[in-house]
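# Provided below are the primary sequence and the corresponding predicted coordinates.
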Amino acid sequence: MRRFPILLALLLSPAAVAQDEAATPSAGDIDVETVGTTREKIEAARQAVEEKAEAGDADAQYLVGAMYIKGEIVPRDNAEALKWWRRAAAQRHAQSQAAIGALYADGLGVPQDDAEALKWLRLAANQNHAHAQYVVGSMYAIGRGAEASDEEAIRWWRKSAEQGYALAQSVLGILYAEGADKIPRDTDKALLWLRRAADQGNADAQNKLGELYARGRGVAQDESQAAAWFHKAAEQGNVNAQSNLGGLYADGRGVERDDARSAEWLRKAALGNHPKAQYYLGLMYAGGRGVGRDEAEALGWIRKAAERNLAQAQYHLGGLYNSGGGGVEQDAQAAFQWFRKAALQGHAESQHNLAVLYRIGRGTAPDPAAVRKWLHRSGEGGFVPAQHKLGLLYHQGDGVSRDPYQAYIWLSLARAGGFSQAAEVQVEVSASLTEEQRAEADREITRIQEHLGRPESPVTSSPSAAEGTPQP
């Protein structure tokens, strides 16, 4: 089950930070010449807070618990923190209720218990504690402490967002921008929440706004606006924005083309383990764009992206191993393995190449059933050469039973996709079908085309690359 550090986020939430700042001096207040005096002041402040806590002041009790958790003024002691927070929580102190929930969620000083965590967090959330509402929504979203529920997640996130909590606003905005199983896309709601979060400096929201402007989704396409939002997020270290900004500089979209700045931003994202940025940076090194041409650097970054499961990078590596070059020796088995990794993720070009390798027995044993299987998957993914090969397979009865109906479907799709070589055989196969068969096949062709739809253009486009494609 996925975990996230609730306690740390809780103690860094706006309410906690405000209370802690009121209780202790900041690092910027400390003067080297007055350290002794400062320490005495801190100790006096601690004693004053503890006296108030002993007298029953709930805010002070929360602060004492926070001191024991942080371990800066007093030795860290999770059990002491829990004791003081329980005393404050008994007075309905929302921050302490949320803190107890965080202890149970993270298993600090108590056995890890998601159900108990959710109980305490809900107590705080019901008192309009914005961070607790956000965390409760997140727990419902992934099914921690209760059965997963998109409806409950959105309900709690909305409560938090309506109080101005930027994290909740960002999550809602991204959710409405992308859509989910039970949540249709709603660009109006997405823009509303994303703008509110972005205006508070939330980097994820700023990046998503940039993507909407880059694609023209819900707003007029404006790549200059996209670049401006990406810049804001990228400067905060958001790796998605850094990668997107690198792509804009590479293409000259919304900014003047600048390969050096493209490589600079891609490198920042790549060092943050962003797989697409690692791949694109590898291509920059391969082509000598914005950086000196360096085959070893290129291969290293592309391999990093492939090992992080980026299908395009796996496809690229498969091509390098298939043809040899780019810093690797020709290796049919390695090519097969990399194509297979990408194919299993639905990468249509890799599925096609895998089918070709099975057909010619390169890097694996020949397998006619696997040829048909992977050509089908690739063709259904919209890869026109696979549709053409599949049509010929059914027309010729090569490894399958001859099937003019299936041949007509796949050759028609290939022809519609601009594969002119399919035209002559498609006309021949069409003549062998009855009118009823052709009409039924045309309906199936329409269904496949509608299923494929129009893929959304990427924000970050990669520099051109030539991957080796196996030939039958």
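All right, it came through fine.

# what about K268, how many neighbours?
By other C-beta atoms under 10 Å, 21 other residues sit near K268. The C-beta positions use only the backbone N, C-alpha and C, and glycine is treated the same way.

# that one and A233 touch, don't they?
No. With contact defined as C-beta atoms under 8 Å, K268 does not reach A233; the gap is 11.8 Å.

# how about A355, what does it touch?
370-375, 378, 386, 389 (C-beta atoms under 8 Å, 6 or more residues apart in numbering).

# not counting its neighbours along the chain, what's nearest R372?
Closest residue in space to R372, ignoring its immediate chain neighbours: V400 at 5.6 Å, by C-beta to C-beta, 6 or more residues apart in numbering.

# could I get the contacts of A355 as JSON lines with pLDDT?
Shown next, in JSON lines, are the contacts of A355 (pLDDT from 0 to 100):
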{"residue": "A370", "pLDDT": "97"}
{"residue": "V371", "pLDDT": "97"}
{"residue": "R372", "pLDDT": "96"}
{"residue": "K373", "pLDDT": "97"}
{"residue": "W374", "pLDDT": "98"}
{"residue": "L375", "pLDDT": "97"}
{"residue": "S378", "pLDDT": "97"}
{"residue": "A386", "pLDDT": "97"}
{"residue": "K389", "pLDDT": "96"}
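
# quick check on those: which are buried?
In the contacts of A355, burial by neighbour count holds for 370-372, 374-375, 378, 386, 389, counting by 16 or more other C-beta atoms under 10 Å.

# and the longest helix seen in the chain, how far out from the chain middle?
Identified as the longest helix of the chain according to DSSP state H is helix 35-54. Relative to its chain's centre, helix 35-54 lies at 45 Å (C-alpha atoms, centre = their mean, to the nearest Å).

# again, but for stretch 97-113
With C-alpha atoms, centre = their mean, you get 28 Å for stretch 97-113.

# before we move on, what about stretch 220-240?
For stretch 220-240 - counting by C-alpha atoms, centre = their mean - the centre lies 16 Å from the chain centre.

# try stretch 162-178
Taking mean C-alpha positions (C-alpha atoms, centre = their mean), stretch 162-178 and its chain are 16 Å apart.

# for L354, see how far away V49 is.
From V49 over to L354 the distance is 66 Å, taken as C-beta to C-beta, to the nearest Å.

# quick one: which of these two has more around it?
L354 (31 against 22).

# against A343, how distant is the more buried one?
L354 is 5 Å from A343, by C-beta to C-beta.

# same question, D367
For D367 relative to A343 (C-beta to C-beta), the value is 14 Å.

# before we move on, the earlier item: who touches the residue nearest to R372 in this structure?
368, 372, 393-394.

# same check on A125?
Counting by C-beta under 8 Å, 6+ apart, A125 touches 98, 132-133, 135-136, 156, 159.

# next up, the contacts around R289.
Contacts for R289 (C-beta under 8 Å, 6+ apart) come out as 250, 259, 262-263, 283, 463.

# now those residues in CSV, with neighbour count?
Formatted as CSV, these follow (neighbours: other C-beta atoms under 10 Å):
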residue, neighbour count
A250, 26
D259, 18
S262, 27
A263, 21
L283, 22
P463, 21
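
# out of those, which sit inside helices?
Those of the contacts of R289 lying in helices (DSSP H): 250, 259, 262-263, 283.

# tell me the mean pLDDT over stretch 279-299?
For stretch 279-299, mean pLDDT rounds to 97.

# now do the buried residues in it.
By neighbour count on 16+ other C-beta under 10 Å, the buried set for stretch 279-299 is 279-286, 289-291, 294, 297-299.
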